[in-house]
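*Asks:* Provided below are the primary sequence and the corresponding predicted coordinates.
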Amino acid sequence: LPQEYRQFAMGPGKKQFAEDYLRMKVLAAQGMKAGLDKDPEVVRQLNLMRENLIANAQHKRIEETVKLADADLQKAYDANKAQYEQVKARHILIAFKGSPAADPEKTELTEQQAKGKAEELRKQLVAGADFDELAKKESDDKGSGARGGDLGSFGRGMMVPEFEAAAFAAKVGEIAPVVRTQFGYHVIKVDDKKTTSFAEVKEQLERAERQKKVQEALDAMKDGANATFN
């Protein structure tokens, strides 16, 4: 049985499993007596099941033959180190007219007005104003605004590109230059930066690299088959 069914079949479902197995054996015995194992459709399906079983066994064998040295995994980690970086940041969003974040209950700002307001808020923050208070009072991102602009930690690909670029480019403690996204103008402060270590992602990386090697082997097999699709 597949692994996910074994606990049930050996525990609360043991009797039901035995009944189902008996049913299968009895039906198969009668079918054999009736010559169904010679029926063309049954033979076709049996051959397909046989090939599928062997194919799965061969796939497992290929996986087992893939050898990955720590040096190879380290190389893969170094080549993609950016994806393991994380930034902890907060922001204040000033939305402009037409933005998905625009508040219909507030006076709508033009893009120029929104940018000007964001720049003014940044000046206040650089001069020492409290980010938490300004975010709660001014941010059009109500969710993070209620938390003082806190967005928590995020990695690459989790924010819109312009926001991501500004956040990852800024230094810890720095108020980044105002940046425009589809949501409005953002004032961003980076609270922390960290990179997930090789040791923390080694197991995950090994699975990914193993699957990559297996896929390369499968692709080579398909190419070597010179198959023609009609």
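*Replies:* Yes, it's here. Residues are numbered from 1 along each chain as shown.
*Asks:* output the lowest mean pLDDT helix or strand found in this structure.
*Replies:* In the chain, no helix or strand scores lower on mean pLDDT, DSSP states H and E than helix 3-9, which sits at a mean of 89.
*Asks:* would you pull up how far the following helix or strand past it lies from the middle of the chain?
*Replies:* Downstream of helix 3-9, the first helix or strand assigned by DSSP states H and E is helix 14-33. Distance, stretch centre to chain centre, for helix 14-33: 43 Å (C-alpha atoms, centre = their mean, to the nearest Å).
*Asks:* contacting residues around helix 14-33?
*Replies:* Helix 14-33 is contacted from outside by Phe8, Ala9, Asp37, using C-beta atoms under 8 Å, 6 or more residues apart in numbering. Quick note: C-beta positions are derived from backbone N, CA and C, even for glycine.
*Asks:* what's the answer for stretch 206-218, then?
*Replies:* His59, Ile62, Glu63, Val66, Leu68, Asp72, Leu73, Ala76.
*Asks:* one more time with 10 Å, if that's ok
*Replies:* Applying C-beta atoms under 10 Å, 6 or more residues apart in numbering, the external contacts of stretch 206-218 come out as 59-60, 62-68, 70, 72-73, 75-77, 80, 201.
*Asks:* taking these one by one, which sit in helices?
*Replies:* Using DSSP state H, the subset of these located in helices is 59-60, 62-65, 70, 72-73, 75-77, 201.
*Asks:* any idea how far Glu4 lies from Lys136?
*Replies:* Here the criterion is C-beta to C-beta, to the nearest Å. By it, Glu4 lies 48 Å from Lys136.
*Asks:* which of these two has more neighbours?
*Replies:* Lys136 (17 against 7; other C-beta atoms under 10 Å).
*Asks:* could you confirm the more buried one falls within a helix?
*Replies:* Yes: counting by DSSP: H, G, I helix; E, B strand; the rest coil, Lys136 is found in a helix.
*Asks:* what are the buried residues along the longest strand along the chain?
*Replies:* In the chain, taking DSSP state E as the definition, the longest strand is strand 184-195. Buried residues in strand 184-195, counted by 16 or more other C-beta atoms under 10 Å: Gly184, Tyr185, His186, Val187, Ile188, Lys189, Val190, Asp191, Lys193.
*Asks:* who does the second one form a beta bridge with?
*Replies:* Beta-bridge partners for Tyr185, by DSSP bridges, are Ile94, Arg180.
*Asks:* and for the last one?
*Replies:* Bridge pairing for Lys193 (DSSP bridges) gives the partners Val87.
*Asks:* what about it, distance to Ala167?
*Replies:* 9 Å.
*Asks:* now the common contact residues for the two.
*Replies:* When contacts are counted by C-beta under 10 Å, 6+ apart, the set common to Lys193 and Ala167 consists of Val87, Lys88, Ala89.
*Asks:* I'd say the second one and Asp191 touch.
*Replies:* Yes: counting by C-beta atoms under 10 Å, Lys88 does reach Asp191; the two are 4.6 Å apart.
*Asks:* list residues touching both of those two?
*Replies:* Here Lys88 and Asp191 have Asp150, Leu151, Gly152, Ser153, Val172 as joint contacts, going by C-beta under 10 Å, 6+ apart.
*Asks:* give me phi/psi at the residue lying closest to the first one once chain neighbours are set aside?
*Replies:* Spatial nearest neighbour of Asp150, excluding adjacent residues (C-beta to C-beta, 6 or more residues apart in numbering): Arg90 at 4.9 Å. Listed backbone geometry of Arg90 is phi -130, psi 160, with angles given as degrees, to the nearest 10.
*Asks:* quick one: contacts for Arg90?
*Replies:* 131-132, 135, 139, 144-145, 147-152, 187-191.
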